[in-house]
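> sequence-free structure coming up:
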């Protein structure tokens, strides 16, 4: 099952089921729709018990898609987590997850514009599988970690390399957290629909050309290991996002480097999840 958020006629947002560019509002299936935190923490049996939409309840999503998670409490990111990406950057294979964060103001949805800041000349692309947390928890052992996962979405960890590495002391947070630097979407696919998240193809298509292409089998730290590590420090809450890392092929590692420019169209494709497309302005 896949869910999304759309803008409703009165200006508010609503959750909906998502299928091939079509949506069915949950409000058409339920007398009362739980809020986001409750929705993400509901057991999969609740979702499986939803009434089947009738054909006329499915309508085109059009341009109404919003980020499937609105203002997450945490946007947690894992760096250098693909073995082949670490090798291309010349970095040592890390002994534990490299963790950084983005502010919630980075979040935009499918079809929204990535704003290239005037203070950076080296904005890079990074296609990623993103985990959406469902059940709250801290000190979560790896063997119980998947109980805390609601589902998955496509993510784009846009990165200003000249801020990330070229400023005094290195500025991972600032280089990663310009407004609009974390597109997600178009939907969240529940974890029961993804039998093996450790074997999904992840691609970035830039202006019609595949520039990143690998699989999550290359992850150095899989999703349970990431959740166990991060939850040693912070309580994970419903709607928190974990960007799991990016495959090789990033612009900064190319010769010559390939950085984003106005008019570029970026599409993140994650097998079994969907395609997230954004234009740079």
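Great, that's in hand. Since this is a predicted model, take the numbers as computed values, not measurements.
> Residue 243 - nearest residue in space that isn't next to it in sequence?
residue 77 (4.1 Å; C-beta to C-beta, 6 or more residues apart in numbering). In short, each C-beta sits where N, CA and C put it, glycine included.
> Confirm for me that the one you found is in contact with residue 230.
No: with contacts counted by C-beta atoms under 8 Å, residue 77 stays clear of residue 230, the gap being 10.4 Å.
> Spatially nearest residue to residue 227, not counting backbone neighbours?
Distance criterion C-beta to C-beta, 6+ apart; nearest residue to residue 227, sequence neighbours excluded, is residue 145 at 3.9 Å.
> Residue 224 is in what secondary structure piece?
helix 223-230 (DSSP states H and E).
> what sits up against that helix?
Residues outside helix 223-230 that contact it (C-beta atoms under 8 Å, 6 or more residues apart in numbering): 76, 78, 81, 96-97, 99, 131, 140-143, 145-146, 148-149, 197-198, 221, 236, 242, 244.
> mind listing the helices for the stretch 51-200 of the chain?
83-89, 161-164, 172-176 (DSSP state H, counting those that start in this stretch).
> related to what we said a few turns ago, where's the residue nearest to residue 243 relative to residue 164, distance?
12 Å (C-beta to C-beta, to the nearest Å).
> How about residue 184?
According to C-beta to C-beta, residue 184 and residue 164 sit 20 Å apart.
> And for residue 182?
Distance from residue 182 to residue 164, counting by C-beta to C-beta: 14 Å.
> ditto for residue 111
From residue 111 across to residue 164, the span is 26 Å (C-beta to C-beta).
> Could you do residue 273 as well?
From residue 273 to residue 164 the distance is 26 Å (C-beta to C-beta).
> So for those two, which sits in the more crowded spot?
residue 273 (26 against 21; other C-beta atoms under 10 Å).
> pLDDT wise, what is the more buried one at?
Per-residue pLDDT puts residue 273 at 97.
> when you give positions from now on, start the count at 59
Right, with 59 as the first residue, what we last looked at is residue 331.
> on that earlier part again, which members of the contacts of helix 281-288 occur in strands, if any?
Judged by DSSP state E, strands contain the following of the contacts of helix 281-288: 134, 136, 157, 189, 207, 300.
> Secondary structure element for residue 334, which one?
Per DSSP H and E: strand 332-338 holds residue 334.
> how far is that strand from where the chain is centred?
Centre-to-centre, strand 332-338 and its host chain are 12 Å apart (C-alpha atoms, centre = their mean, to the nearest Å).
> re the thing from before, pull up the overlap in contacts between residue 135 and residue 288.
157, 300.
> Neighbour count: those two, which is higher?
Remark: of residue 135 and residue 288, residue 135 carries more neighbours, 27 against 22, as counted by other C-beta under 10 Å.
> Can you name the residues that contact the more buried one?
157-160, 215, 234, 300-301.
> Okay, domains of the chain per the record?
60-124, 133-338 (automatic domain parsing).
> Show me how far the first one is from its chain's centre.
Taking the mean C-alpha point of domain 60-124 and that of its whole chain, the gap between them comes to 19 Å (C-alpha atoms, centre = their mean).
> try the last one
Here domain 133-338 shows a centroid-to-chain-centroid distance of 6 Å under the convention C-alpha atoms, centre = their mean.
> Could you work out the end-to-end span of it for me?
21 Å (C-alpha to C-alpha, to the nearest Å).
> so what's residue 275 up against?
Residues near residue 275 by C-beta under 8 Å, 6+ apart: 256-257.
> typo on my end, it should be residue 126
Contacts for residue 126 (C-beta under 8 Å, 6+ apart) come out as 61-63, 167, 190, 211, 242-246.
> check contacts around residue 170.
125, 238, 241, 336.
> From residue 291, how far off is the residue lying closest to the first one once chain neighbours are set aside?
Spatial nearest neighbour of residue 125, chain neighbours left out: residue 167 (4.0 Å); criterion: C-beta to C-beta, 6+ apart. Relative to residue 291, residue 167 is positioned 29 Å away (C-beta to C-beta).
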